[in-house]
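Q: take a look and give me a structure for this.
(one chain, ligands or ions: 1)
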Amino acid sequence: MAAFDQNKAYSTQEEIFFDDGREIELLHFVYSKPELDDIRGSPQLVLKAIDEFARTRKYLMNVGEDKGIIVTSLITEVKPKVMVELGGYIGYSCILFGDAFRKAGGKEYFSLERNPEFAAVIMSLVDLAGLSDVVKVVVGSSDVSIKRLHATGQLQHIDLLFLDHYKPAYTTDLKLCEELNLITPGSVLAADNVIKPGNPPYLEYVRSSTEEKKAAAKREVTDMTNGVDSRFPGRTVQQYDKRLGQAKLNVAAKGNPNLVYESKLHNSFEPTGVPSRYLILVTTLTSPRMSTTPYRPPFLPSHFIKNSLLISLSLGCLPLSSMLVFLSVSFRLLHCLFSSRTGQTVANGPRKTILITGVSMAKGLALARILHEHAHHRIVGADDEPVLCALSPGRFSHAISKFYRLDSPTLDSGDSRERDTTPYITSLLRVIEIENVDLWISCSSVASSVEDGKVAEIVERKTRGKCRVVQFGVQMTERLHEKDRFTTYMKELGERVPATWICERKESMEMILSGREDAAKSRSGKETSMQFITKSVGLSDSTRADMTLLPLPTLSATRAYISQLPMSMKNPWLLQEFIAGPEFCTHALVVRGRVRAFVACPSSELLMNYKALPPESELSRAMLQFTKRVAKSGGTGFTGHLSFDFLLRMKDSRVGDTLNETQEPELYPIECNPRAHTAVVLFRGMKELGERYLEILEVDGMDKGFRGVSKTHHIAMPNNPPKYYWVGHDLVTLLILPVLRLLSGWGSLREAQKDASNFITHLLFWKDGTFEIWDPLPFWWLYHVYWPMQFLNCIVTGRKWSRINVSTTKMFEC
Ligand SMILES: C[S@@+](CC[C@H](N)C(=O)[O-])C[C@H]1O[C@@H](n2cnc3c(N)ncnc32)[C@H](O)[C@@H]1O
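A: Residues are numbered from 1 along each chain as shown. Below is the predicted model of the structure:
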């Protein structure tokens, strides 16, 4: 630390050092300067005048030049678009930082000041400095102002936060900003005077790990007076009481414990020349890292209340959905009367039995309904459900002649690979045998992938091809399903894949990251922009939404992040190049190595919205071509459902989420799901898809190529189908949660309005993924029996969940 220049030292701090009229005196001092015309519009000259007053007249509690330079350098480095300062006083920091901020391309600088007289001084001096275009002075207590700015949509994110106000409010205001999602990865905090006069609770909070914060939140707070930590001296606590009364702290703010900070102390001098210690904090995240969904504060206090509220919601909606079912059934009866007069579907060939597994899920149900259109054949449905609990919504579908309960799949795929029989395999084989099934369409979940593959092999062997199956064998299923093997396979096929490494040890992940960084640096001679994400090779509900970009801003943060990954020889992790761009998913039916049905759509959060890409679009065509190449490589024994997740690298990263059809698509397959995708709902009402499945039955002999017997080479693709959503999911996420968030002061009106308008648009113009007017019972059962029973079970067993997927009936445990 360089020596302090005594010539610029402020006057000594007196016993009473502010709010004694000196702030207004300062205004007169500045405005009576003979060189006022030169000062006007010059932030530097305004600061010089303020410094002169503090040196020659009275002390001012400004950040000062020495400490200020730390923040101005930070501004130049971070280039914030939005900056907030808590505590503006007479506007010194606001003018110093506002100037640097504007030069660095900043757009909005909010200066929050509780004392209206001080705020008036700031406004006057900011105006004189010519900074009114970027600086907005907000009068009021910081927590109230933050909430209001957020609620009115004026403040949506903070790139740089400067804390220099009421010491006990540092932690509570930071927690508030975290909860409102104003502080996210990439945000930088600079806090003044954390060592002297000191701010132990703040230091403790920003230095804690996620676990420590969670544990601290659970502990009973005993050492607090009026929400103020007893470690603060009385003088600090009562500093602003005289004029403004006792500050009310927002102690309800719980913060986001998942945000973990990396902190660095900077030594400097107070403007009086007294050495000071300054804390600059760079936010970095540990688990669950940068989620694609913004962090939403848990305003529902417990799982019990959450589950109880959802059960009540189901009860509340019961009359309306029962009425809907009644109307639908009446409509169907009338329709049947009418269609019996106009004639039924003409029988064509021998009647076959088609088994569809996974009918509890929207995808299985959609396929059952599509095949039901071919009324001549018999559709049997099956799915796993608990013994003596008729929970599966699919069992009540009009499309299904008979439903069978299956045992649950074995969750450990390694286990099921070793064993030839599991309760699931046995129960499924029994259904195929009892029903003398001609075609089994496997539409099951990820949990049963390997066992389904096993059943496929056994059935083909036992029935000598009499029973046809839409399901790949075990080896192919594993090769496609396991992320590491899939990437290797794609490389073997010469396909473009993101750079990927399989890591069994944390040290190797660290080494790869530092090696890549060094190589990139030496190639370009400057900082690399290449970023990576990590994923567990096996299934992991808790980490799958995690999108933390590596390397983190500092080596130690990257190390800390890697160290918390549950990586081992048995549970390897992938380190994969991050491709910035939109994600897409596809669904395809492949028969004997040929794609027979295909659809592509943009991926949405939790995959609860489906909008098909036009089949003729360049993107859809590119994804289809890729699917065709993979299908062909599987040979003539390759029959099953094939879904991929693709990332599209945009040439101009700024258009990240908007699709520009004129760009040449640079697609990267990142994952494969060798099973049906919920996107199959986009085929609803499309008889042609049913025909593609029935063609499998027409193939004469297992060794005969498909080409010889195909009626058409045309691939079934939905053209301009309706958009799909799930009303239960949208009702909660777009209507109830935003309203509750708004009422509890956490959400903004603008956000709630936007969500509500999306909900209404979906309700009016989109189709529900489960409801069908001629087959309404599965919908009713899903929302009024299946989910309430699941929530009740969670209350009774204490099972905790963080998200649910209405379409796949899956609960993500936490
Ligand atoms: C140390 S001074 C700020 C100095 C200023 N940042 C500078 O360097 O020029 C602290 C200021 O915070 C203000 N303040 C105190 N509690 C506050 C709160 N809860 N919300 C907003 N401002 C507050 C005080 O009125 C005072 O003006």
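
Q: how far away is the spatially closest residue to Trp781 that is not a sequence neighbour from Phe532?
A: Excluding its sequence neighbours, the residue lying closest to Trp781 (CB to CB, 6 or more residues apart in numbering) is Pro393, at 4.3 Å. Where C-beta positions appear, they are placed from N, C-alpha and C, glycine not excepted. Distance, Pro393 to Phe532, by CB to CB, to the nearest Å: 41 Å.

Q: all strands for the stretch 451-600 of the chain, in order.
A: 468-470, 500-503, 532-536, 573-577, 583-591, 594-602 (DSSP state E, counting those that start in this stretch).

Q: would you turn those into CSV with distance to Ile512, mean neighbour count and mean pLDDT?
A: Listed next are those as CSV, based on distance: least, CB to CB, whole Å; neighbours: other CB atoms under 10 Å; pLDDT from 0 to 100:
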stretch, distance to Ile512, mean neighbour count, mean pLDDT
strand 468-470, 39, 24, 95
strand 500-503, 5, 20, 90
strand 532-536, 9, 20, 86
strand 573-577, 6, 21, 89
strand 583-591, 24, 24, 95
strand 594-602, 31, 23, 96
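
Q: among those, which is nearest the ligand?
A: Evaluated over these, closeness to the ligand peaks at strand 532-536, with 38.2 Å, by CB to the nearest ligand atom.

Q: between that closest one and strand 573-577, how many degrees?
A: 150 degrees (axes from the mean of the first three to the mean of the last three CA atoms, to 10 degrees).

Q: so what secondary structure elements neighbour strand 532-536?
A: helix 506-524, strand 573-577 (3 or more CB pairs under 8 Å, 6 or more residues apart in numbering; DSSP states H and E).

Q: please redo it, this time with the cut-off set to 6 Å
A: strand 573-577 (3 or more CB pairs under 6 Å, 6 or more residues apart in numbering; DSSP states H and E).

Q: list of residues touching the strand it packs on?
A: 483, 498-503, 509, 512, 532-536, 565, 567 (CB atoms under 6 Å, 6 or more residues apart in numbering).

Q: ok, which residues in the stretch 201-350 of the chain are in contact with the ligand?
A: Proximity of the stretch 201-350 of the chain to the ligand, by CB under 6 Å from any ligand atom, involves residues Tyr240, Ala247.

Q: domain ranges for the chain?
A: Annotated domains of the chain cover 9-285, 499-577, 580-721 [automatic domain parsing].

Q: now the ones you listed as a markdown table including distance to Glu492?
A: Shown next, in a markdown table, are the domains of the chain (distance: least, CB to CB, whole Å):
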| stretch | distance to Glu492 |
| --- | --- |
| domain 9-285 | 35 |
| domain 499-577 | 13 |
| domain 580-721 | 9 |
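
Q: pick out the shakiest of those domains, pLDDT-wise.
A: Out of those, domain 499-577 stands lowest, with a mean of 74 (criterion: mean pLDDT).

Q: and that domain, end to end?
A: Separation of the first and last residues of domain 499-577 by CA to CA, to the nearest Å is 5 Å.

Q: could you export the strands of the stretch 451-600 of the chain as JSON lines, including distance to the ligand?
A: Shown next, in JSON lines, are the strands of the stretch 451-600 of the chain (distance: least, CB to the nearest ligand atom, whole Å):
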{"stretch": "strand 468-470", "distance to the ligand": "64"}
{"stretch": "strand 500-503", "distance to the ligand": "46"}
{"stretch": "strand 532-536", "distance to the ligand": "38"}
{"stretch": "strand 573-577", "distance to the ligand": "42"}
{"stretch": "strand 583-591", "distance to the ligand": "42"}
{"stretch": "strand 594-602", "distance to the ligand": "43"}
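
Q: run through who's touching stretch 688-695.
A: Against stretch 688-695 from outside (CB under 6 Å, 6+ apart): Ile370, Leu371, Glu373, His374, Leu589, Arg596, Ala597, Phe683, Ala716.

Q: run through the bridge partners of Val228.
A: Thr225 (DSSP bridges).

Q: my guess is it meets Val237, correct?
A: Yes. Val228 is within contact range of Val237, at 5.3 Å (criterion: CB atoms under 6 Å).

Q: where does the stretch 351-500 of the chain dip in pLDDT?
A: Under the criterion pLDDT under 70, the flagged ranges of the stretch 351-500 of the chain are 375, 388, 411-419.

Q: the helices in it, which residues?
A: Counting by DSSP state H, counting those that start in this stretch, one finds helices in the stretch 351-500 of the chain at the ranges 362-372, 413-418, 423-434, 449-463, 474-481, 483-492.

Q: now swap in the stretch 651-800 of the chain and tell me
A: 687-698, 727-730, 737-743, 749-765, 777-781, 787-797.

Q: and of those helices, who's closest to Val82?
A: helix 749-765 (15.8 Å; CB to CB).

Q: avg pLDDT for that closest one?
A: 91.

Q: flag every buried residue along it.
A: By 16 or more other CB atoms under 10 Å, the buried positions in helix 749-765 come out as Glu751, Ala752, Asp755, Asn758, Phe759, His762.

Q: what's the local residue count around the nearest residue to the second one once chain neighbours are set aside?
A: Of all residues beyond its chain neighbours, the one nearest Ala752 is Pro738 (4.1 Å), with distances taken as CB to CB, 6+ apart. The local packing of Pro738 (other CB atoms under 10 Å) involves 24 other residues.

Q: if I look at Pro738, how far off is Phe472?
A: Pro738 is 42 Å from Phe472, by CB to CB.

Q: cool, and Leu792?
A: 37 Å.

Q: ok, now which ones touch whichever residue of the chain sits closest to the ligand?
A: Going by CB to the nearest ligand atom, the ligand is nearest to Gly87 of the chain, at 2.8 Å. The contact partners of Gly87, taken as CB under 6 Å, 6+ apart, are Asp164, His165.

Q: at 10 Å what do you get?
A: Contact partners of Gly87, counting by CB atoms under 10 Å, 6 or more residues apart in numbering, are 61, 63, 93-94, 111-115, 118, 142, 162-167, 169-170, 192, 240.

Q: ok so Leu189 is a strand residue?
A: Yes. According to DSSP: H, G, I helix; E, B strand; the rest coil, the state of Leu189 is that of a strand.

Q: surely it meets Ile158?
A: Yes. Between Leu189 and Ile158 there is a contact at 8.7 Å, judged by CB atoms under 10 Å.

Q: which residues are common contacts for those two?
A: Cys177, Ile183.

Q: C-alpha coordinates for stretch 247-259, PDB please?
A: Output of stretch 247-259 as PDB, limited to C-alpha atoms (Å, rounded to 0.1, in the frame of the first residue of the first chain):
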ATOM      1  CA  ALA A 247     -33.800   1.600  11.500                       C
ATOM      2  CA  LYS A 248     -36.100  -1.500  10.900                       C
ATOM      3  CA  LEU A 249     -34.100  -4.300   9.500                       C
ATOM      4  CA  ASN A 250     -35.600  -6.800   7.100                       C
ATOM      5  CA  VAL A 251     -34.700  -9.800   9.200                       C
ATOM      6  CA  ALA A 252     -37.200 -12.000   7.300                       C
ATOM      7  CA  ALA A 253     -34.800 -12.200   4.300                       C
ATOM      8  CA  LYS A 254     -33.200 -15.600   4.300                       C
ATOM      9  CA  GLY A 255     -30.900 -15.100   1.300                       C
ATOM     10  CA  ASN A 256     -29.900 -17.700  -1.200                       C
ATOM     11  CA  PRO A 257     -27.500 -20.100   0.600                       C
ATOM     12  CA  ASN A 258     -26.400 -21.600  -2.700                       C
ATOM     13  CA  LEU A 259     -24.500 -18.400  -3.600                       C
END
